[in-house]
Each structure stands twice: as structure tokens, then as C-alpha cells.
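# what's the 3D shape of this:
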Amino acid sequence: MTKKLINYSGWGIVLAASLYFIYNNALHYFSFSAGSYGTYFWPHAPWLLVHIIGGMTALILGPFQFIAAIRKKYPTVHRTMGKIYLCSIAVAGSASLYISVSRIIIDKELAYGSGLAGLGFAWLLTSGMAYWAIRCRNFTQHREWMVRSFVVTCAFTSFRLIDKILVSQFHMDPAASGNLMAWACWAFPLLVTEAFLQGIKIKRGSRAMAATLSHKD
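Next comes the predicted model:
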């Protein structure tokens, strides 16, 4: 019971943080005007709006994919939400890649654009692997790739949060902060996640080996 409560509380916090991020950083883009987007984003406004809608959908649905009660008691709901989640990422990730490549080619923003392109590619790759795994009915790999996928989905939230802290609290140049976070918002969390997932496998493998050796003795 305690473990389940902690699990629900944790996902509740993630969902609340996602909704807070959407309210403060995304909703104003639905007022489709140059004033809402600013001169920097206005040239890519249609693609950015598509990206935002898909990203918002994935960000909201993501936590529900990891709640065991929904997966076990309502498998149809779980599968439907999963399909919407993956389709949203396919659309939003493709839009983000287009914007990123435009930043590199047209605006010559190599560091910022390549970081966001890496983010878009990682988003599509991790989600695509999750889909492939479930199509092969490899549930263990599916869960692991869904974890990686949602970690990348949350990169947009960490980008805005940490970027704001670096600029306001540490007086970092906004351009330099943006270049840094374009890479750090997804690469570092994905690395930590991978270490965590592989650590679980190492621990389980050690237990299995110890059990095998004890039976031989």
C-alpha cells in the first residue's frame, strides 16, 4: 500500500509539474499572432504550434501509461492512450526536427539547432523502439523504452525551468544558456535513466546468479 501511494504521489507530482509548465509556457501560443510568438518564433509558427499540441498531449498522457492499475484493469484504455501518445510524438517530433534543421541551415545556429535536432531524433527513436517492442510483444523492452521516451518528453519542461534559473539566478547569457540546455535537457537525463535501467538488470542478474550457485552447492 505504501509503495502504491508513493508511486501515485510521484506521478501526480510529475503531472502537476507538466500542467504548470503548459499553463505558463505553452497556452499563449494558441493566440496565433506575431505578438504571442515573438519575432524569433513567428517564422516557424505553424510548425511550432503543431509541435506544442503534440508535445502537450504526450506530456499529459505519459504518466498514465505507467500506472499499473490502468494497464491491468483497463487494458483497452491503456492501449488507446498509448497509441495517442506515440502518434502525438510522431507528429511533434517531426515538427521539431523541421524547426531545428531550419535553425541550423537558415539561422546558422549550429549549437542550439543541433541540440534540438538531437532531442527530436531521440524523441522519435525512443518512442519508435517502444512501439516496435510492443508489436513484437516484448513487454519488458516496451516498458523500458517507454521510460526513455517519457524522459525525453519531459525534456521540454526541464529546458524551460533550468534555462530560467541559469539566466535569472546565475546571470548566464540567454544565448549561451539556450545552447547548453538544448543538449543538456535530454542527453543528461537520458544517460542517468540508462544507468538506472541497466543497474536494475545488473542487480537482478546478480541475484539470479547467486540463486543458481546456491542450488549447485
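
# Not counting residues beside it along the chain, what's closest to the most centrally placed residue in the chain?
Taking CA atoms, centre = their mean, the centroid of the chain lies closest to residue 153, which sits 1.4 Å from it. Spatial nearest neighbour of residue 153, excluding adjacent residues (CB to CB, 6 or more residues apart in numbering): residue 58 at 5.0 Å. Where you see a C-beta, it was placed from the backbone N, CA and C, and this is true even at glycine.

# Pull the contacting residues for that neighbour.
85, 88-89, 92, 153 (CB atoms under 8 Å, 6 or more residues apart in numbering).

# likewise residue 53?
Contacts of residue 53 (CB under 8 Å, 6+ apart): 88, 91-92.

# Dihedrals phi and psi, residue 138?
Dihedral pair for residue 138: phi -100, psi 90, per degrees, to the nearest 10.

# how close does it get to residue 190?
20 Å (CB to CB, to the nearest Å).

# Among those two, which residue is more densely surrounded?
Remark: of residue 138 and residue 190, residue 190 carries more neighbours, 17 against 13, as counted by other CB atoms under 10 Å.

# Quick check: that one vs residue 48, distance?
The gap separating residue 190 from residue 48 is 23 Å, by CB to CB.

# that older thread, name all residues that make contact with the residue nearest to the centre of the chain.
Contacts of residue 153 (CB under 8 Å, 6+ apart): 55, 58-59, 62, 89, 123.

# SS state for the residue nearest to residue 153?
helix (DSSP: H, G, I helix; E, B strand; the rest coil).

# Tell me the spacing between it and residue 84.
In this view, residue 58 and residue 84 are 9 Å apart by CB to CB.

# related to what we said a few turns ago, give me phi/psi at the residue nearest to the centre of the chain?
The phi/psi pair for residue 153 (degrees, to the nearest 10) reads phi -60, psi -40.

# Check what pLDDT it gets.
Note on residue 153: pLDDT of 97.
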